[in-house]
Each structure stands twice: as C-alpha cells, then as structure tokens.
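**Student:** Let me see the structure of the following:
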Amino acid sequence: MLVVGFPSGPLQANCYLLAPGEGEACVIVDPGQDVVEPLAEQLRKHRLTPVAVLLTHGHFDHCFSVAPVCDGHDIPAWVHPDDRSLLADPGRGLGLAGQALFGGGMPMREPAEVRELSDGAELDLAGLRMTVDHTPGHTGGSVSFRTGSQEGGRLMLSGDTLFAGSIGRTDLPGGDHARMLATLRGKVLPLPDDTVVLPGHGPTTTIGRERATNPFLLELGSGEGAPAAPHRGL
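**Tutor:** Numbers count the residues shown, from 1 in each chain. All right, here's what the predicted structure looks like:
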C-alpha cells in the first residue's frame, strides 16, 4: 500500500493519499487549507488518480479545499451527516471566539456530490477496503477510517480523535468530553497494538505506543476519567 501524507495550512492539518501502489487509483483524506497545489504535485509524482475524498470531520482545517478538489476531479466527498453542515458553514464549528480569531466568515461550499458515512460501513474505494468508525467527541460527526495492507499491516486514520501523546479538544461547538471518553474506550483502546495511527495533526504513531505512553489513554486504562486535552489544531 502507498501512503502519502503532508501537513497543510496555518494549523498544519495532515492530508493523506492512500492507494494500492504507484500509478493506481487513490483516495484523498482531509484536504484542508492551502492543499490544492501540493496535492496536485503528489498526484503527479506518484501517478495517482483520485476516486473519492474522505473527511474525518467537518472543521475547516481538514476540509477547506474539499469543493475544489472534488469538483476538479469529478469525485464525491464522504462525510458523516452530523458534520455535513460544516462544509458550507464552517463558522458553526468554531463558536464566536473562534470565528473572531480566524477573521469571521470563510467562504466554503459543498462539492457537487456528497455521500454520507455511517458507523460500521465498509467502503470499497480505489481497491482498498476501509471500515468507518463513528468516533464522536471532537465533533459530533467525527469518524476514523481503518484499513489494512496486503502485507498484513493495519492502519487507522484518526482525524482529531487521537494524536501522538494527546487527544482532540472537546471545547468547541459539537465537542463533548463524555462522548470522547466513550469513543476512546469503545473504539480506540480495543484496537491491536500494531495498528499504525495516521492522525489529523502531528506525527504518525501506533496504538501500542499510545496505550503505553499517552496520558489520556493511561487514565482510561486505570479506570479513571481522562483529563481535558490541551488544544491542538481545531
């Protein structure tokens, strides 16, 4: 499996491309701010043909470029219905203070074709089979995507649910700390230790490493509630 990732925009959100290999079809995950040109460069470099965009959640740092990318390639965007409204109204995910911080309104719109994700759905895209996990907490419509390689490796694209050493913030509109704890207990901790985590911000990690070192998962493993997470991205 070919996995290409790069950070984009002022908040350095990670955009990923996944494909069976060079010169094949691919999916794009989380095309955020300032992503159009570097994305086009990676598509040319690896001779990839995109067939879909997958969104881990609706915050603008992860989906700001979804309309130009999807419409430019005539491909659909997949998003959970609870976050779909953010594609055309990103301010709803920021609150008044966040909107003021980022200069008020940000012009965004839905792409021409939007398809909705559901918990447990199996997607067969670009020759890859991906499982959708609804992972609310950071936003109501946050999802993670799990897939595997022919070599036996496991991947999880966690969005802003799980980072290396931290978890996503829950203090913005749509965030819910109790739901985040339930997500971590029910959807993250049960995963095999060798699962490679591709997060929405920061470096790659593994479930095993986070289980052993992430203070939020350690608290949950001890049966205590995890503390509020420090801010990282949106």
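**Student:** Look up how far residue 207 lies from residue 37.
**Tutor:** When distance is defined by C-beta to C-beta, to the nearest Å, residue 37 is 33 Å away from residue 207. C-beta here means a position set from N, CA and C on the backbone, and glycine is covered the same way.
**Student:** Looking at the two, which has the bigger crowd around it?
**Tutor:** Legend: neighbour count by other C-beta atoms under 10 Å for residue 37 and residue 207, higher for residue 207 (23 against 10).
**Student:** That one contacts residue 198, correct?
**Tutor:** No - with contact taken as C-beta atoms under 8 Å, residue 207 and residue 198 are classed as non-touching, separated by 11.8 Å.
**Student:** Which neighbours do these two have in common?
**Tutor:** residue 156 (C-beta atoms under 8 Å, 6 or more residues apart in numbering).
**Student:** got the end-to-end distance for stretch 31-49?
**Tutor:** Counting by C-alpha to C-alpha, to the nearest Å, you get 15 Å between the two ends of stretch 31-49.
**Student:** so how far is it off the chain centroid?
**Tutor:** 17 Å (C-alpha atoms, centre = their mean, to the nearest Å).
**Student:** Next, the buried residues of that stretch.
**Tutor:** 31, 32, 33, 34, 35, 39, 42, 43, 46, 48 (16 or more other C-beta atoms under 10 Å).
**Student:** Quick one: residues contacting residue 206.
**Tutor:** Taking C-beta under 8 Å, 6+ apart, one finds 193, 194, 195, 196, 197 in contact with residue 206.
**Student:** How about the contacts made by the third one?
**Tutor:** For residue 195, the set of contacting residues under the criterion of C-beta under 8 Å, 6+ apart consists of 146, 154, 155, 156, 206, 207, 208.
**Student:** Any idea how many residues pack against the spatially closest residue to residue 81 that is not a sequence neighbour?
**Tutor:** Leaving aside its sequence neighbours, residue 81 sits nearest to residue 116 (C-beta to C-beta, 6 or more residues apart in numbering; 4.6 Å). By the measure other C-beta under 10 Å, the count of residues near residue 116 is 14.
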